[in-house]
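Undergrad: Turn this into a model:
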Amino acid sequence: MPVLTTSQKSRYKAPKVRSSGTVRIGLVGYGYWGPNLVRNFHEIPTAEITALCDLREDRLKPLARKFPSAKLTTHHEELIRDKSIDALIIATPISTHYEIARQALTAGKHVMIEKPLAQNVRQAMILTQLARRHNRILMVGHTFEYNPAVLKVAEILKAGEVGKLFYIDSVRVNLGLHQSDGLNVIWDLAPHDLSIILHWVGEVPKKVSASGRAFVRSGVEDVAFLHLEFPGGVLAHIHLSWLAPTKIRRMTVVGDKKMVVYDDLESAEKIKVADRGVHWDPANPQLKVGYRMGDIVSPRVEVKEPLSEECNHFIQCILQNTRPLTDGEKGLQVVRVLEAADRSLKRGGIPISL
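TA: You can find the predicted model right below:
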């Protein structure tokens, strides 16, 4: 967990938390992801769920028995106005992220918002500026950055085990789900891969290009291929699809020493490190390419629920006045790449410079 520097502390002042040391939480959006968030925050001793909001009353009614003291409402404005609420968790459609978060930050509340941070760069920049202006924590739910397997690969890369990083290839495909808000597969699936790749590479790409097609619903691309070029020479490719017969969540990392495969759907061996590679051998007149076929090992990965780690991190950042691992700036970086990829897609795949 990063500790704030002196300059950062001028922006992130210590939040006012009750003497009990408990952060009072309000959640907006009890749909697909909301129940998972509520479950995890409910298990944190230093967090208290005091209000739940959803547009559908039928989703809220069953919660009255489980959270008898919590306010249940279909109007998020009630949570904004409630001064007893310290932080707002936003798990609503992307199109609503900006306005709800803007209101919450302006009202002096800490905010954790599901990925992506906003619909465009302008909105994301305003939210990060509001968080600084009001000295509040703004955290984006890039859950995979709290995944022990993703962190293990980052550790392997940092240790130099793969050598010089060449490229990363990512496949995130499945059958469905087309989003009701009309956003394409890039905005739906790519935030996961982008947050992971930016975390591993430690840079923002200098160029982004994308190609894809809308096969099922006109104007909503359900298949896309993203290509990223980083300043340090690393390449990344991302295959996204709602039109695949099987679900695949696999990332391949290739360096000049070793290669790593991370498969999120593997139950036991999520990471495999292969001591394999190719090198140019001018001394060999017949075959100038040499191949190394060494062992493949699967390092131990801690068994922890990423969402639980993420929720605990948010509460600790508020209580301890520390900057989130996936703060607004990280969220803004991902939105920059998403917007560039979408622009490239609409322009026939031309590279967009960042």
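Undergrad: What is the burial count for residue 146?
TA: 21 (other Cβ atoms under 10 Å). C-beta coordinates here come from the backbone N, C-alpha and C atoms, glycine included.
Undergrad: And the pLDDT at it?
TA: According to the per-residue confidence, residue 146 scores 97 in pLDDT.
Undergrad: show me the contacts for it.
TA: Residues in contact with residue 146 (Cβ atoms under 8 Å, 6 or more residues apart in numbering) are 306-307, 309-310, 313, 325-326.
Undergrad: What separation is there between it and residue 108?
TA: Summarising the geometry, the distance separating residue 146 from residue 108, computed by Cβ to Cβ, to the nearest Å, is 26 Å.
Undergrad: Quick check: nearest residue in space to residue 41, chain neighbours excluded?
TA: What sits nearest to residue 41 in space, not counting adjacent residues and going by Cβ to Cβ, 6 or more residues apart in numbering, is residue 47, at 4.9 Å.
Undergrad: and what of residue 54?
TA: Excluding its sequence neighbours, the residue lying closest to residue 54 (Cβ to Cβ, 6+ apart) is residue 30, at 4.1 Å.
Undergrad: Tell me if I'm right that residue 147 and residue 305 touch.
TA: No. Checked against Cβ atoms under 8 Å, the pair residue 147 and residue 305 is beyond contact range at 9.3 Å.
Undergrad: State the helix or strand in which residue 323 lies.
TA: Assignment of secondary structure by DSSP states H and E places residue 323 within no helix or strand.
Undergrad: quick one: it and residue 145, what's the gap?
TA: According to Cβ to Cβ, residue 323 and residue 145 sit 14 Å apart.
Undergrad: With neighbour numbers in mind, choose between the two.
TA: The neighbour count for residue 323 versus residue 145, taken as other Cβ under 10 Å, is higher for residue 145 (24 against 20).
Undergrad: Tell me the helices and strands packed up against the helix or strand harbouring residue 99.
TA: Remark: residue 99 resides in helix 94-106, with elements defined by DSSP H and E. Other helices and strands packing on helix 94-106, by 3 or more Cβ pairs under 8 Å, 6 or more residues apart in numbering; DSSP states H and E, are helix 76-81, strand 87-90, strand 110-114, helix 121-133.
Undergrad: Please list all residues in contact with the residue nearest to residue 54.
TA: Residues near residue 30 by Cβ under 8 Å, 6+ apart: 38, 52-54, 59-60, 63, 91.
Undergrad: Now for the spatially most central residue of the chain: which residues touch it?
TA: In the chain, the centroid-proximal residue (Cα atoms, centre = their mean) is residue 142; its distance is 2.0 Å. Residue 142 makes contact with 115, 191-192, 195, 326, 330-331, 334 under the criterion Cβ under 8 Å, 6+ apart.
Undergrad: how much space between it and residue 295?
TA: Look at residue 142 and residue 295: by Cβ to Cβ, they are 33 Å apart.
Undergrad: Buried ones in the longest helix anywhere in the chain, by neighbour count?
TA: Secondary structure of the chain read by DSSP state H shows that its longest helix is helix 328-346. Counting neighbours by 16 or more other Cβ atoms under 10 Å, one finds that the buried residues in helix 328-346 are 328-342, 344-345.
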